[in-house]
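Q: fold the following, please.
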Amino acid sequence: MTRCLIIDDEPLARQLMESHIRQVKSLQVVGTCETAIEAFELLHREQIDLLFLDIQMPGITGLNFLKSLKNPPKVIFTTAYMEYAVEAFELEAVDYLLKPITFERFIKAVQKISAQKEIPPVSQSQPPDEAIFIKVHKRLLRIAYPDIFYIEGFGDYIKVVTANTVHTSYSSLNKIGELLPEQQFLRIHKSFIINVRHIQFVEGNLVRILDKELPIGVTYKDALYKKLGQE
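A: Purely as a prediction, here's the structure:
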């Protein structure tokens, strides 16, 4: 059971979020707060696993509140303002929901935590997200899954390779791998994640994608052949 805290100065917004949470058996509403000060006090009394956090609140903003926590729970921001998205994801937010928040969009956010294996999947029948957002310079860039051919990791950065463009982002291969659907993407090497739908052929220890031969790591080879139905 994932214990949730709702922090929002708007009563109707709190009620809507509480209604969404109560429809998911793996989530539990521990409390609701109007201000960051109330939330800070509750966090010292209760074990909280996940915050649903508004940004524009009287006194301390949601962003500043999160920065003040030494060991913050996971957080999903709930706000009417798009302009804080980059800063929110820099604080490692699970997701960034724009009001009014539909139940379908809420479920997608919760599923991102499920993918990290920290709570049970809320529904196997829910469709996966169709795209991923990565930070490129000061912009959050949306890239549709089918457009991604492969992702290469190097140090603290990744290269997301599409048919015509290479996007470089400050992230890790492990982190972005958690956000990609397993049925479409597979790690084949410590430095590469591929979109299996773009494989041209596999030969020896190499995968051919987009006229480039990518290495297959020894520890990943069995998983690749299993994925391709060649056990």
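Q: pLDDT-wise, which helix or strand of this protein ranks last?
A: Confidence across the helices and strands of the chain bottoms out at helix 103-115, with a mean of 86, counting by mean pLDDT, DSSP states H and E.
Q: counting contacts, what elements does it pack onto?
A: Using 3 or more C-beta pairs under 8 Å, 6 or more residues apart in numbering; DSSP states H and E, the elements in contact with helix 103-115 are helix 11-22, strand 74-79, strand 95-98, helix 173-179. Placement of C-beta: from N, CA and C, glycine included.
Q: need the ones you listed in CSV (columns: mean neighbour count, mean pLDDT and distance to Gly31).
A: Below are those laid out as CSV (neighbours: other C-beta atoms under 10 Å; pLDDT from 0 to 100; distance: least, C-beta to C-beta, whole Å):
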stretch, mean neighbour count, mean pLDDT, distance to Gly31
helix 11-22, 17, 95, 10
strand 74-79, 24, 95, 15
strand 95-98, 19, 93, 19
helix 173-179, 15, 90, 28
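Q: make CSV from the ones you listed and add distance to Asp156 to it.
A: As requested, the helices and strands packed on helix 103-115 are arranged in CSV below (distance: least, C-beta to C-beta, whole Å):
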stretch, distance to Asp156
helix 11-22, 34
strand 74-79, 22
strand 95-98, 22
helix 173-179, 10
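Q: of these, which is nearest Ala85?
A: When the helices and strands packed on helix 103-115 are compared by C-beta to C-beta, strand 95-98 sits nearest Ala85, at 4.9 Å.
Q: picking that back up, tell me which of the helices and strands packed on helix 103-115 lies nearest to Tyr157.
A: Closest among the helices and strands packed on helix 103-115, once you apply C-beta to C-beta, is helix 173-179, at 9.7 Å.
Q: mind checking what helix or strand follows the closest one in sequence?
A: Note on helix 173-179: by DSSP states H and E, the next helix or strand toward the C-terminus is strand 185-189.
Q: and that next one, what does it pack against?
A: The contact analysis (3+ C-beta pairs under 8 Å, 6+ apart) places strand 185-189 against helix 173-179, strand 192-195, strand 212-215, helix 221-227.
Q: any regions of this structure where pLDDT drops low?
A: Low-confidence segments of the chain (pLDDT under 70): 114-129, 231.
Q: okay, now the domains of it?
A: Domain segmentation of the chain under automatic domain parsing yields 2-115, 141-227.
Q: how far does the last one sit from its chain's centre?
A: Relative to the centre of its chain, domain 141-227 is centred 17 Å away, using C-alpha atoms, centre = their mean, to the nearest Å.
Q: buried residues, the least confident helix or strand of the chain. List them.
A: Applying a neighbour-count criterion of 16 or more other C-beta atoms under 10 Å, one finds Phe106, Ile107, Lys108, Ala109, Val110, Gln111, Lys112, Ile113, Ser114, Ala115 buried in helix 103-115.
Q: same check, this time on stretch 26-40
A: Within stretch 26-40, judged by 16+ other C-beta under 10 Å, the buried ones are Leu27, Val29, Val30, Gly31, Thr32, Cys33, Glu34, Thr35, Ala36, Ala39.
Q: measure it end to end?
A: Across stretch 26-40, the terminal residues are separated by 24 Å (C-alpha to C-alpha, to the nearest Å).
Q: returning to what we had before: could you dump the buried residues of stretch 26-40 to JSON lines with distance to Ile194 and secondary structure?
A: As requested, the buried residues of stretch 26-40 are exported to JSON lines (distance: C-beta to C-beta, whole Å; DSSP: H, G, I helix; E, B strand; the rest coil):
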{"residue": "Leu27", "distance to Ile194": "33", "secondary structure": "strand"}
{"residue": "Val29", "distance to Ile194": "40", "secondary structure": "strand"}
{"residue": "Val30", "distance to Ile194": "41", "secondary structure": "strand"}
{"residue": "Gly31", "distance to Ile194": "44", "secondary structure": "strand"}
{"residue": "Thr32", "distance to Ile194": "43", "secondary structure": "strand"}
{"residue": "Cys33", "distance to Ile194": "44", "secondary structure": "strand"}
{"residue": "Glu34", "distance to Ile194": "47", "secondary structure": "coil"}
{"residue": "Thr35", "distance to Ile194": "47", "secondary structure": "coil"}
{"residue": "Ala36", "distance to Ile194": "43", "secondary structure": "helix"}
{"residue": "Ala39", "distance to Ile194": "42", "secondary structure": "helix"}
